[in-house]
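> Okay, predicted coordinates and the sequence, questions at the end:
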2 protein chains.
Amino acid sequence: MNKVGIIGYGITPFTKEDKKIESILLDSTKEIFKNNSEIDQKDIDAVLVSTNNNSKYLSPILSEIAGIQPKIAHTIENLCNSGTNSIVSAYSYIASGLADVVLISGGERYDSPGSILEWDNSRGEYKHPIFWASIFAKSYKREYSVSDEELALVSVKNHKHAKNNPNALSNKTYTIEDVINSKKLTDDLRLLDCSRPCTGSASIILGSEEKVKQYSKDPIWIRGIGQKTTSAGFTKNISFSSMESTNLAGNAALKMANKQTEDIDVAEIHDAFSVCEPMILESLGFSDEGKGMSMIKELHQTNNYKINPRGGLIGSGHPLGVTGIAQTIEIAQQLQSDASNRQVKDANVGLVHNMSAAATSSTVLVLEK
Amino acid sequence: MNKVGIIGYGITPFTKEDKKIESILLDSTKEIFKNNSEIDQKDIDAVLVSTNNNSKYLSPILSEIAGIQPKIAHTIENLCNSGTNSIVSAYSYIASGLADVVLISGGERYDSPGSILEWDNSRGEYKHPIFWASIFAKSYKREYSVSDEELALVSVKNHKHAKNNPNALSNKTYTIEDVINSKKLTDDLRLLDCSRPCTGSASIILGSEEKVKQYSKDPIWIRGIGQKTTSAGFTKNISFSSMESTNLAGNAALKMANKQTEDIDVAEIHDAFSVCEPMILESLGFSDEGKGMSMIKELHQTNNYKINPRGGLIGSGHPLGVTGIAQTIEIAQQLQSDASNRQVKDANVGLVHNMSAAATSSTVLVLEK
């Protein structure tokens, strides 16, 4: 298989701005050409748009307004992990030889239709993700004797990290009391336990080995890819306290990269709700079952940014189709020692975990310098 | 690059039925497992959904209701050539080694939101495709002195073919007078010059060389792929009488397959409107510039089904994201000598042409036994 790496990236602040989706997509696309002056529009073989927006045909529209005439052009959508699905698709276009250089552009509005589903056969009739997150929280707390106050620490830590991320939606830090006193949305979740949809844009250019060496001074390689779609289990007798698809995707990505969890220096994981972070850490093997919160507590106390350095979804905001791309950019910046106040020391190998709909689908990427 | 071929397919009648998109997608997915009993749900590594429907996250939903737990799962959209974009994406997943067996499932409702675009920067403010088709018709007729009566023959021929396609939306044949006397929609186009949106479903399973040999008794291989996105030119000084993206995609696909236009025994081309058929034949090199209608006349008079044997979009109906998949299934059936009354004699090499939005994007595939 051909080697695939990152040539460049562009990202703009996550906001609550009311802008047209075409303009949002153009924001980070312009940024990418500004940041990487050696690459030109005519080098782009494919433009993949990652979004949940209902506008059709956004890749040719973005291509037209950005001055690109790609061979391959289409939109990819899989709810909250559209971003990493697009990156994996770009990887396959390059690894197969159908393209040498691919632009992936993610854009989302704060009012993305993906935030509310009319009907989801795979997890019962839950229009709002808060309901499945509540089931997870109730189950996880009961199974491992975890309190609301303990879970609140995820939000405290990730808001602290986001304070050092100039593109994050949140610019505030909170105490455990602040989280507990924030608006109670369900029995088990409060407002500050939740990531918030927002307007955002993030783009990455991937290339073949030859193109990466030609255009990037500091190449980052995609070494491992794991993906899995399973039932979230609302109709089946599986656990609500762990994430099967995340476990399978993580194992596959680490195996492909020939790495162990211990080799990972920095990771972006999909904390759509506070309870997700310990569950994901456990499902990926970063900690033992039921011990995710102990790990998070230690990281927080030692001011270690290893997990979710940009502030996670809770601190950064969650523009659905953009999140996986923003996570991947953060890991690339960390591996390039370019993450300023958020920098994790000696980061050589990084991991991205991005999922959708109660971990029905998970994608895991392993990146390396 | 790994060889990629067709393992099986399923297609159901195109109708005006009012059904949920999940049920529509399931229709041809069930059909595919019924037609290909040797393949099992657990063999499927990826499920790609092709649609313009606004429902999110349809691949995991289809997977859940069809009993599939794929690694890769997402939706692909690029308006009217979503179908072939999905096939090319599946090809790249297999050729890159990320998947061995991919299910592509296309589904669309008669009221697809892709039929009307709110705003399309790449071709001016034309909500309805009839307007760009009118510009093409006016320009083509003027440049090559073609009459409305001559163009009407495309509809006459393709409705005749559709009569032999049990899945076609239309079951009627028409005379040139019928076309001319059908409702005038613009100065240059009548109702019977147009393809009609409809409800439809078509699915294909692609596989690696090993899997195709294991599961298919009559393998069809994807030999050539060409794709191009350009401006439709409404703001630029290019021709309205030819299709640049089609020409470039066609040349690329033939080159990859190491074939000439003369080698093509049967072709499905994207006759969204009658004028498209001669324009595409010319842009693909099947006929000289301005001579597309002569070729169509001769095919019709000799009852030769070489071009659009299933009745094209005009006769079969045009369920946007399904069309490219249905076209590919037709070519596979032709090459397998399984097209009953529509069978083209000695069909060994076939071509699929699928485009979107006034040929802003074109995809061309070359298939071979």
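Yep, that arrived.

> Around chain B, which positions in the stretch 201-350 of chain A sit nearby?
Residues of the stretch 201-350 of chain A lying close to chain B by Cβ under 8 Å from any Cβ of the partner chain are A:225, A:226, A:227, A:228, A:229, A:230, A:231, A:249, A:252. Where you see a C-beta, it was placed from the backbone N, CA and C, and this is true even at glycine.

> Now do the same for the first one: helix, strand or coil?
Read that as residue A:225. For residue A:225, the assignment made with DSSP: H, G, I helix; E, B strand; the rest coil gives strand.

> and the spatially most central residue of chain A, how far is that from residue A:200?
The residue lying closest to the centre of chain A (Cα atoms, centre = their mean) is residue A:324, at 3.0 Å. Going from residue A:324 to residue A:200 by Cβ to Cβ, to the nearest Å gives 12 Å.

> Need the residues touching each of these two.
Common contacts of residue A:324 and residue A:200, defined by Cβ atoms under 8 Å, 6 or more residues apart in numbering or on different chains, comprise residue A:106.

> ok, now which ones touch the residue nearest to residue A:39 when sequence neighbours are not counted?
Distances taken as Cβ to Cβ, 6 or more residues apart in numbering or on different chains place residue A:215 nearest to residue A:39, at 5.2 Å, with adjacent residues excluded. Applying Cβ under 8 Å, 6+ apart to residue A:215 gives the contacts A:7, A:8, A:36, A:38, A:39, A:43, A:207.

> Sort out for me which of the residues you listed are in strands.
Using DSSP state E, the subset of those located in strands is A:7, A:8, A:207.

> does the first one really touch residue A:40, like I thought?
No: between residue A:7 and residue A:40 no contact is recorded; they are 11.7 Å apart, counting by Cβ atoms under 8 Å.

> Which of these two has more residues huddled nearby?
residue A:7 (25 against 13; other Cβ atoms under 10 Å in any protein chain shown).

> ok, now how distant is that one from residue A:45?
In terms of Cβ to Cβ, residue A:7 sits 12 Å off from residue A:45.

> who touches both of those two?
Counting by Cβ under 8 Å, 6+ apart, the common neighbours of residue A:7 and residue A:45 are residue A:101.

> how many neighbours does the residue in the stretch 251-369 of chain A positioned nearest to chain B have?
Across the stretch 251-369 of chain A, the shortest distance to chain B (Cβ to the nearest Cβ) belongs to residue A:360, at 5.0 Å. Here the number of neighbours of residue A:360 (other Cβ under 10 Å) works out to 31.

> Does it touch residue A:227 like I think?
No: contact between residue A:360 and residue A:227 fails when scored by Cβ under 8 Å: they sit 11.9 Å apart.

> Double-check residue A:308 against residue A:159; I have them as touching.
No: using Cβ under 8 Å, residue A:308 makes no contact with residue A:159, being 10.6 Å away.

> More neighbours: which of these two?
The residue with more neighbours, out of residue A:308 and residue A:159, is residue A:308; 30 against 24, by other Cβ under 10 Å.

> In terms of model confidence, name the weakest of the residues of the stretch 201-350 of chain A next to chain B.
Within the set of those, pLDDT is lowest for residue A:231 (72).

> Next, count neighbours for residue A:265.
The burial count for residue A:265: 18, using other Cβ under 10 Å.

> What are the neighbouring residues in contact with the residue nearest to it when sequence neighbours are not counted?
Residue nearest to residue A:265 in three dimensions, not counting chain neighbours: residue A:347, with 4.3 Å by Cβ to Cβ, 6+ apart. Contact analysis of residue A:347 by Cβ under 8 Å, 6+ apart lists A:265, A:266, A:334, A:335, A:337.

> would TSV of those with pLDDT be doable?
Listed next are those as TSV, based on pLDDT from 0 to 100:
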residue	pLDDT
A:265	98
A:266	98
A:334	98
A:335	98
A:337	98
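
> ranges for the helices of chain A?
Secondary structure of chain A (DSSP state H): helices located at A:21-35, A:58-66, A:82-95, A:129-144, A:148-162, A:176-181, A:209-215, A:244-257, A:276-283, A:292-301, A:312-316, A:320-335.

> Give me whichever of those helices is most buried.
Highest mean neighbour count among those (mean count of other Cβ atoms under 10 Å in any protein chain shown): helix A:312-316, with a mean of 31.

> Tell me the buried residues within the contacts of residue A:215.
A:7, A:8, A:36, A:39, A:43, A:207 (16 or more other Cβ atoms under 10 Å in any protein chain shown).

> Pick the one among the residues you listed closest to residue A:105.
The closest of those to residue A:105 turns out to be residue A:8 (Cβ to Cβ; 12.3 Å).

> Quick check: the closest one touching residue A:32?
Yes: taking contacts as Cβ under 8 Å, residue A:8 lies within contact range of residue A:32: 5.6 Å.

> joint contacts of those two?
Between them, residue A:8 and residue A:32 share these contacting residues under Cβ under 8 Å, 6+ apart: A:204, A:205.

> got a pLDDT number for the residue nearest to the centre of chain A?
pLDDT, residue A:324: 98.

> Contact partners for it?
Residues in contact with residue A:324, defined by Cβ under 8 Å, 6+ apart, are A:50, A:80-87, A:106, A:352, A:354, A:363.

> Same check on residue A:367?
Residues near residue A:367 by Cβ under 8 Å, 6+ apart: A:6, A:220-223, A:328, A:331-332, A:335, A:349-352.

> cool, and residue A:210?
residue A:100.

> Do you know the pLDDT at it?
Residue A:210 carries a pLDDT value of 97.

> From residue A:45, how far off is it?
As judged by Cβ to Cβ, residue A:210 and residue A:45 stand 13 Å apart.

> can you redo the contacts of residue A:324 as a markdown table with pLDDT and distance to chain B?
Shown next, in a markdown table, are the contacts of residue A:324 (pLDDT from 0 to 100; distance: Cβ to the nearest Cβ, whole Å):
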| residue | pLDDT | distance to chain B |
| --- | --- | --- |
| A:50 | 98 | 9 |
| A:80 | 97 | 9 |
| A:81 | 97 | 8 |
| A:82 | 98 | 7 |
| A:83 | 98 | 11 |
| A:84 | 98 | 10 |
| A:85 | 98 | 4 |
| A:86 | 98 | 8 |
| A:87 | 98 | 11 |
| A:106 | 98 | 13 |
| A:352 | 98 | 16 |
| A:354 | 98 | 12 |
| A:363 | 98 | 9 |
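
> what would the residues you listed look like in a markdown table with distance to residue B:179?
Below are the contacts of residue A:324 laid out as a markdown table (distance: Cβ to Cβ, whole Å):
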| residue | distance to residue B:179 |
| --- | --- |
| A:50 | 43 |
| A:80 | 48 |
| A:81 | 48 |
| A:82 | 43 |
| A:83 | 47 |
| A:84 | 49 |
| A:85 | 44 |
| A:86 | 43 |
| A:87 | 48 |
| A:106 | 45 |
| A:352 | 55 |
| A:354 | 52 |
| A:363 | 50 |
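
> What is the nearest of these to residue A:26?
residue A:106 (12.2 Å).

> circling back: could the contacts of residue A:215 be laid out in a markdown table, adding pLDDT?
Formatted as a markdown table, the contacts of residue A:215 follow (pLDDT from 0 to 100):
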| residue | pLDDT |
| --- | --- |
| A:7 | 98 |
| A:8 | 97 |
| A:36 | 92 |
| A:38 | 91 |
| A:39 | 95 |
| A:43 | 97 |
| A:207 | 98 |
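
> from these, which single one is nearest residue B:280?
Closest approach to residue B:280 among the contacts of residue A:215 (Cβ to Cβ): residue A:43, at 28.9 Å.

> Roughly how far does the nearest residue to the closest one once chain neighbours are set aside sit from residue B:93?
Distance criterion Cβ to Cβ, 6+ apart; nearest residue to residue A:43, sequence neighbours excluded, is residue A:101 at 5.1 Å. Per Cβ to Cβ, residue A:101 is found 19 Å from residue B:93.

> do the same with residue A:155
Per Cβ to Cβ, residue A:155 is found 37 Å from residue B:93.

> Equivalent analysis for residue A:269, please.
To residue B:93, residue A:269 is 25 Å away according to Cβ to Cβ.
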